[in-house]
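Engineer: below: sequence and its predicted model.
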Amino acid sequence: MSIVVFGSINIDVSVYSDRLPKPGETLHGNNYAIGLGGKGCNQAVAVRRLGGDVHLIGQTGDDEFGAAARRELATLNVSDDYIASDPGTATGMATISIDSAGENSITVIGGANMSITASDVDALPDVFAEAEILLLQLEIPISALRRAAGVVRQSGGRVILDPAPAPEGGFDDPEIFSSVDFMTPNENETESLVGLRPASADDAAIAAQRLHDKGLRGAIIKLGAQGVYYSCDGMQGFVPPFAVDPIDSVAAGDCFNGGLAFALARGDDVATAVRFAAACGALATTRAGAASAAPTLDDVNELMNGQAPPT
C-alpha cells in the first residue's frame, strides 16, 4: 500500500482540567503535556502505527519546535524525507484544553503550515502520482489541497478529506467537493458544511444527501459517541459506537482517518473500512495526547473481535 498524507505538522501544548473554562474565567489545571500534533502529522502516525506504508508531506519552521517534531517523528518511524523547513516562519502549534470527560477545545496557530503552496505539490510529482490513498485536512492552504487532489485522482488514486478545522462561515468549494472520494466531517463540521448538526443516524443521512448534492461522492459522518454514518457509492450504513472509557478525544478524528486510509488501501470495502476506522478512533480516546494516542493493528483487531459487527 502507498498512503500519502499532505498536511499540518504542529507541536501541541495540552492542558488538563476538570472542566473547560468559561470566557474570562481562570481555572486551576491538573496537568499539562507538550507533544507532536497537527492533523496531518497525527494521521501519518496513525497509519504507521497500524503498519502502513506512509509518506508525510508538510513543512515546519527552522526552529526548536520544528527540530522537536522531526525527532519525535523519527521515534515513531515516520520519515521526514518530504518535510520542508521554512526559515521565515515558526513551526505550527496548537493549544488544547481537555476536561475530565475527554472533551476538548483547540486553538491552532498555522505557522509554517500556511506557507505551503501548490508549487510544493509540483515539486514532488512522483510521490503524489504513486499514492493509492491521499489524506488531506484543512490546516494547509486550499490551493495546495486542490492541486494535490487533482494529481492523485488523475493518477487513479483515491482522496480522503477531513474538513477540519471548519472555516468560519462554512466551506463551499465545488472543485474540492468533486475531486475528493470521501469527506469525513464530525457533527460541528457537518453543520458548517450543510447547515444541519446531526444528532442521529437519520439526521446524518439527510446531511449526507446534502453533501452529495454539492458533488461529493462519499460522505462519512462521525457522530462522536453516537457512532458513524456512511453514504458512499450507493451504499449507506451505520456503525454503532465501540464501548470504551474515553479520557481524551483530541486525536480521535485523525486516528479514524488514518484507519480508514489503511483499511481502504489494503482492499477492504467501504463498510468494513468504516468500522475499522471507528475502532481506531474509539481507541484513540482512551489515551492522552495527539499523535501518541494512535493504536496498533493488534489493539484494533482486539477491540473489533470483542464486539460483534452490526447486522
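Structural biologist: Arrived safely.
Engineer: so for residue 309, what's the pLDDT?
Structural biologist: Each residue has a pLDDT score; the one for residue 309 is 50.
Engineer: ditto for residue 167
Structural biologist: Predicted confidence (pLDDT) for residue 167: 79.
Engineer: what's the closest non-adjacent residue to it?
Structural biologist: Spatial nearest neighbour of residue 167, excluding adjacent residues (CB to CB, 6 or more residues apart in numbering): residue 138 at 6.9 Å. Yep, even glycine has a C-beta here, placed from its N, CA and C like the rest.
Engineer: what's the spacing between that neighbour and residue 62?
Structural biologist: Distance, residue 138 to residue 62, by CB to CB, to the nearest Å: 25 Å.
Engineer: and for residue 230?
Structural biologist: Residue 230 is 41 Å from residue 62, by CB to CB.
Engineer: any buried residues in the helix or strand hosting residue 151, and which?
Structural biologist: Element membership for residue 151 (DSSP states H and E) is helix 142-154. Within helix 142-154, the residues scored as buried using 16 or more other CB atoms under 10 Å are 144-153.
Engineer: and if you look at stretch 193-208?
Structural biologist: For stretch 193-208, burial by neighbour count (16+ other CB under 10 Å) applies to 193-194, 198, 201, 203-205, 207-208.
Engineer: surely residue 159 is in a strand?
Structural biologist: Yes. Counting by DSSP: H, G, I helix; E, B strand; the rest coil, residue 159 is found in a strand.
Engineer: show me the contacts for residue 195.
Structural biologist: Counting by CB atoms under 8 Å, 6 or more residues apart in numbering, residue 195 touches 170, 210.
Engineer: strands along the stretch 1-150 of the chain, start to end?
Structural biologist: Secondary structure of the stretch 1-150 of the chain, counting by DSSP state E, counting those that start in this stretch: strands at 3-6, 10-16, 31-37, 54-61, 83-86, 92-98, 104-109, 133-137.
Engineer: and the strands in the stretch 201-311 of the chain?
Structural biologist: Using DSSP E, counting those that start in this stretch, strands in the stretch 201-311 of the chain cover 218-222, 228-232, 235-239.
Engineer: quick one, which of the ones you listed is packed in tightest?
Structural biologist: Sort the strands of the stretch 201-311 of the chain by mean neighbour count, taking mean count of other CB atoms under 10 Å, and strand 218-222 sits at the top with a mean of 26.
Engineer: tell me the mean pLDDT for it?
Structural biologist: Throughout strand 218-222, pLDDT has a mean value of 97.
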